[in-house]
Structure formats: structure tokens, C-alpha cells
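Novice: Would you be able to build a 3D model of this:
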Amino acid sequence: MITLRKSGERGRADHGWLKSFHSFSFADYYDPDHMGFGDLRVINEDWIKPGTGFGTHGHRDMEIVTYVLEGELAHRDSMGNGEVMRPGDVQRMSAGTGVMHSEYNHAPADVTHLLQIWIEPDKRGVTPSYEQKHFKAEEKRGRLRLVASPDGQDGSVSLNAPARVYAGLFDGREIARLALDPRRLVYVHVVRGQVRVNGTALQGGDAAKLSGESSLELDGGRDAEVLVFDLQA
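Specialist: Residues are numbered from 1 along each chain as shown. Below you'll find the predicted structure:
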């Protein structure tokens, strides 16, 4: 079964310095029909204005994945990490017993565009940890490149959760297929562009929820960037 979640149905927030779209209930946006999907809890699409950002704040017991689309984002945390994220970077922060961090766009003129993703861990109270890796566009061109997994397979970042995250870029005749376990859930989020998901056309910001499916096919892409989440039901 495939259920669509259209871009225009998402929650919205505009704080002046931050514009955000929420795929699932978050902060002041609450929809009991969209509290998450499997162990996927948050997908926020954020635009952060120059010279602004998220001040120091805390998290616990959550796998937080950041996927930068445009611009740069400076990260600092209570574990001593200080990194700058750029397009193609995937950052994973395991909040575990508790971590404080901040994220800023220090650019004088450029907006930072990113996705912040929360995945529920399979164990509570783990020691906080951090990991960041870069995935070149060539690695994602016309295929689904594994970027996050429980065991760090194929050079992906490691998650404390039974989830696998793939990223792909599709245009023209490029086709990607992925065998699925019908006992699991799959969430396909179209980051930008246009693409067909098992024959259904989606545009940037749209998503497809798959349950009981044994395969996934992406084709008909037009400057498309896609994230695929293979999740525990």
C-alpha cells in the first residue's frame, strides 16, 4: 500500500530568521494523524537566514541526522565537536543520556537550506556520540546510496536504530530499484525536483508511505533528490 503526504499538507512555521516545514508533528504544529512513521519521528525542512541559527539547546535519547542542501551550517556541542556542514554532508548525533549543541549559519549573505531528521533509537541512555561524512554527488547519481545504517555498512554513518537511510539523485532515464521487506515500513521523501515512486508522480516536499510492499522503483526524475527511509514497523 502507498499513501501520499503532499508538500502543501505539511506544518509550517515562520520565525523570521527561520522558515520551516514539518512533515510530522513538531513544536507548535500538532496533527494526531502525523506523529511519525515507524521509528521516523521528524523531518523538518529548514531555511536559516544569514547570521542566525539555533542557540545552545539540549536533546536526549534521539538519533538526529542533518542533511545540508545549500549553504553551510556550523555545529558545536558539549562533546567537544565543532564542524561545518556543507551540501553532501550527513551528520549523525546520538543524543543518548543528553547533549547540548548549537547550529548557526555564519554566512554574511547566503541562506542555509537543510533537512533535520529525528529517528527514535532502539536503546535509551546510550553514551552521546557524533559522526559526520561527505557523500559526493557521483555516489548518488542514478542510484540509492546508503548514507545511514545500524552497522555503518558501505561507509554510511552509524545509527543506534534499526533504520537505513538512502540518498539518490535522478534525472532523465535514470532508474533505481530497491528490494523491500514487506514486514517493514518505507518512507520516500522527495527533497526537490520531480520523480515517480512506484509509478506515482511526486514533487519536491512530497512523500510516499509504503507498507506491505516488496519493491521500490524510482524513475522519471527531473532534477530530483530523494531520501528513502527503511524503517522498523
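
Novice: Buried residues in the biggest strand by length in the chain, which are they?
Specialist: Assignment by DSSP state E gives strand 215-231 as the longest strand of the chain. Buried residues in strand 215-231, counted by 16 or more other C-beta atoms under 10 Å: 216, 218-221, 224-231. No exception for glycine: its C-beta is placed from N, CA and C like everyone else's.

Novice: same question, stretch 50-58
Specialist: 52, 53, 54.

Novice: Would you agree the last one is in contact with residue 112?
Specialist: No: using C-beta atoms under 8 Å, residue 54 makes no contact with residue 112, being 11.0 Å away.

Novice: didn't residue 72 look like it was pressed against residue 104?
Specialist: No: if you go by C-beta under 8 Å, residue 72 and residue 104 don't touch, sitting 9.4 Å apart.

Novice: Tell me how far residue 161 lies from residue 205.
Specialist: 24 Å (C-beta to C-beta, to the nearest Å).

Novice: So for the two, which residue has more residues nearby?
Specialist: Neighbours per residue (other C-beta atoms under 10 Å) separate residue 161 from residue 205, with residue 161 holding more: 25 against 18.

Novice: Now the residue most central in space within the chain: closest residue in space, sequence neighbours ignored.
Specialist: Nearest to the mean C-alpha position of the chain, by C-alpha atoms, centre = their mean, lies residue 117 at 4.4 Å. Distance criterion C-beta to C-beta, 6 or more residues apart in numbering; nearest residue to residue 117, sequence neighbours excluded, is residue 65 at 4.2 Å.

Novice: Tell me what that neighbour is bridged to.
Specialist: residue 92, residue 117 (DSSP bridges).

Novice: Isn't it up against residue 119?
Specialist: Yes: with contact defined as C-beta under 8 Å, residue 65 counts as touching residue 119 (6.7 Å).

Novice: any residues in contact with both of these two?
Specialist: Common contact partners of residue 65 and residue 119 (C-beta atoms under 8 Å, 6 or more residues apart in numbering): residue 159.

Novice: okay, now the nearest residue to residue 101 once chain neighbours are set aside: neighbour count?
Specialist: Among residues not flanking residue 101 along the chain, residue 77 sits closest, at 3.8 Å (C-beta to C-beta, 6+ apart). By other C-beta under 10 Å, the residues close to residue 77 number 19.

Novice: next one: residue 110
Specialist: Residue 110 has 14 nearby residues by other C-beta under 10 Å.

Novice: OK, contacts around it?
Specialist: Shown in contact with residue 110 (C-beta under 8 Å, 6+ apart): 50, 70, 71, 72.

Novice: now swap in residue 154 and tell me
Specialist: residue 146.

Novice: what separates the residue of the chain most remote from its centre from residue 52, distance-wise?
Specialist: Most distant residue from the mean C-alpha position of the chain: residue 108, 25.9 Å away (C-alpha atoms, centre = their mean). As judged by C-beta to C-beta, residue 108 and residue 52 stand 12 Å apart.

Novice: now residue 27
Specialist: Distance of residue 27 to residue 52, computed by C-beta to C-beta: 17 Å.

Novice: got it, and residue 22?
Specialist: Distance, residue 22 to residue 52, using C-beta to C-beta: 19 Å.

Novice: Residue 51 against residue 109, yeah?
Specialist: No: Residue 51 is beyond contact range of residue 109, at 9.2 Å (criterion: C-beta under 8 Å).
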